[in-house]
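**Q** quick one, fold the following:
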Amino acid sequence: MTEKPKNYSRRDFLKTTGIATGALIGGGLIGGFVGLNANKTDQNVSDTGTTNHEMASNQGFQFFQTQREFDVLSNATERILPKDDLGPGAIDLGVAYFIDRQLAAQYGSNTKEYMHGPFAVGAKTQGYQSRLTRASIFRQGIAKLEEEAKSRFDKGFSSLEAEQMDEILTAFQNDEVAMTGVTSAFFFRLLRTATLEGAYADPMYGGNRNMAGWKMKEFPGHQMAYINVIEEDKFQKIEPKSLGGM
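**A** Numbers count the residues shown, from 1 in each chain. Below is the predicted model of the structure:
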């Protein structure tokens, strides 16, 4: 007797995952979760490449130079962590702004990492192997997402239907897209990891807007103390607090 496929939702994922909320998150956690909520999260996108989600325009960019490439990133992260009945998705959480700030800082320039040769295609367990910085990989990856969208569907990535975006992202995940100096699968792992970090990191870093990522996980954030509830037997729902006082 064949086992029926399970229909996972983000609620199931958040309940069962071992993610350490608010901490740096390693790759390989979401895997096939791209598009699992496609029926719930179809976005209406305009021909200009913007979504119908409200953007925090007052945040501004630190790394990205055009609205179009920022929108491609925003829509790609939304397909990885889509909005559903549990709470906001990557766009409403400000994940793309988090990634923008990280790429403009030492994360993007790999300042504190050994970046000399020899370079080889390593195993997944060997960690960072590319001669390119993360900033270069993201810029190339975003350009390739746009290129694939125009090649397959004759539209920009941000103007695609949700299922079309998923098709392209899955191609990257399966290493089916040619990139220079790095594999598309490696770029996808970076994108997926950065998406999760932006959803659950402290809001002071630009993502996790209104601490909604923490609220979905019922994570208390950074409390001064738990002395008033530490001896309670029942689970305590505590309003989260940010290091930045947000």
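
**Q** longest helix of the protein?
**A** Scanning the chain for the longest helix, with DSSP state H as the assignment, gives helix 134-153.

**Q** give me the contacts around that helix.
**A** 63, 68-69, 72-73, 76, 99, 103-104, 107-110, 130, 132, 155-157, 159-160, 164-165, 167-169, 171-172, 177, 179-182, 184, 186-188, 190-191 (CB atoms under 8 Å, 6 or more residues apart in numbering). For every residue, glycine as well, the C-beta is placed using N, CA and C.

**Q** go with 6 Å
**A** 69, 72-73, 103, 108, 155-157, 160, 164, 168, 177, 179, 182, 187 (CB atoms under 6 Å, 6 or more residues apart in numbering).

**Q** any weak-confidence spans in this protein?
**A** 1-58, 122, 245-246 (pLDDT under 70).

**Q** quick one, strands of it?
**A** Counting by DSSP state E, the chain has no strands at all.

**Q** the residue nearest in space to the middle of it: what's it in contact with?
**A** By CA atoms, centre = their mean, the chain has its centre lying nearest to Thr195, at 1.5 Å. Contact analysis of Thr195 by CB under 6 Å, 6+ apart lists 77, 80-81, 90, 95.

**Q** can I get those in CSV with distance to Gly141 and neighbour count?
**A** Shown next, in CSV, are those (distance: CB to CB, whole Å; neighbours: other CB atoms under 10 Å):
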residue, distance to Gly141, neighbour count
Thr77, 12, 26
Ile80, 13, 25
Leu81, 17, 28
Ala90, 16, 28
Val95, 15, 32
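
**Q** could you identify the most distant pair in those residues?
**A** Ile80 and Val95 (8.8 Å; CB to CB).

**Q** quickly list what the closest residue to Met224 other than its chain neighbours is bridged to.
**A** Excluding its sequence neighbours, the residue lying closest to Met224 (CB to CB, 6 or more residues apart in numbering) is Lys241, at 8.0 Å. Beta-bridge partners recorded for Lys241 (DSSP bridges): Gly221.

**Q** going forward, the N-terminal residue is numbered 168.
**A** All set: I'll call the first residue 168, so the last point we hit is now Lys408.

**Q** what's the neighbour count on Lys408?
**A** 16 (other CB atoms under 10 Å).

**Q** I'd guessed it sits against Gly388; true?
**A** Yes. If you go by CB atoms under 6 Å, Lys408 and Gly388 touch, sitting 4.6 Å apart.
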